[in-house]
Structures are given as C-alpha cells and as structure tokens.
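Student: Below is the sequence, then the predicted model.
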Amino acid sequence: MLVLIELIGWIATGLIIAAILYPIHKSMRVWPFELWNIIYIVVLVTLSRYLFLLPHTFLASRQVLKFIIIILLIPATFALVQGLNGFMTYVEEQTWLEITGHLPPAERRAMEEYLWNEMIFFAAGSIISAPVLAARLLISIWRTHNEDRA
C-alpha cells in the first residue's frame, strides 16, 4: 500500500512538471534554468507531500532515515537558495532578451511574467518546505522516542 501511495505521488509530480513546463517548451527556444525549475517543482511537491502525509509514508517508522534526511536538508536548503540566486542574478545582469527576445512583444511580456512567477513560487516554496520538513521529522522522531519510553 505504501508503495502505491508513493508511486501515485511521483506520477502526480511528473504530471505537474509536464503541465508547468509545457508553456515554456511551447514558446521558448532555450530555457537555461530548466533543471533548476524541475528541481524546485520536485522538491516542493515531494516535501509538501511528506510534510502533510508523513504517517502514511515509508518514513513513518524509520527513525534513522528521518535523521539522515534532516541532516541532508540543511545543505539542500543552501543549494536551493544558490539556485534561486543564480536565476535572479542572470535576469538582472543579462535581462530577458537573450531568452525571450525571439517572441512577439505581447507574448514576450506574458512569458517573462510566467517564468518569473513560477520560478519564484516553486523556489521559495521549496526553500521554505525544506526546513519545515526537517522540523516535522524532528518532532516525529521525538514523539516516537517518547512513545517507546512510555
């Protein structure tokens, strides 16, 4: 049952990625931040799923794995911030013309807003969800430890 829930979660994540990247692939020649975009979507969706559905995941009873994930989420958060910083620096220094210059003006402006909004949304969401999940896992470890002692 847990494998089925996990599989459904990953299929849903894949569909979300396809839906969000479709407009970009439809109108862009190149999207230099596609990998970061996918990472942000996967991280936000997956960590949010674990955050809210932790008792129904394979992590529920694996205390050592929870601890390892907590440790890994610390550098992951910094990496996610670096990726967002790279995106924002690129847009500020290079402007959008290199990426969206081939589009008609109205479509260009709409695509720039779409790219900016969805990157900031998923980047900020993933950056916030990582330490929140770490806290949630720590609370889960603490509760399990205290239940074992009672």
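Tutor: The structure has been received and is ready for your questions.
Student: and the helix or strand that contains Glu112, how far out from the chain's middle?
Tutor: For Glu112, the element it lies in under DSSP states H and E is helix 105-149. Centroid separation for helix 105-149 versus its chain: 6 Å, with CA atoms, centre = their mean, to the nearest Å.
Student: Show me what that helix is packed up against.
Tutor: Contacts defined by 3 or more CB pairs under 8 Å, 6 or more residues apart in numbering; DSSP states H and E place helix 105-149 against helix 2-27, helix 34-53, helix 63-94, helix 97-100. Yep, even glycine has a C-beta here, placed from its N, CA and C like the rest.
Student: For His145, give me its contacts.
Tutor: With contact taken as CB atoms under 8 Å, 6 or more residues apart in numbering, His145 is in contact with Gln63.
Student: So that it lines up with my notes, have the first residue be 643 from now on.
Tutor: From this message on, residue numbering opens at 643, which makes the last subject His787.
Student: Now for the closest residue to Ser669 other than its chain neighbours, how many residues are close by?
Tutor: Once flanking residues are discounted, Ser669 sits nearest to Met753: 5.8 Å by CB to CB, 6 or more residues apart in numbering. For Met753, the neighbour count with other CB atoms under 10 Å is 19.
Student: Ok, Glu755 next?
Tutor: By other CB under 10 Å, the burial measure for Glu755, its neighbour count, is 10.
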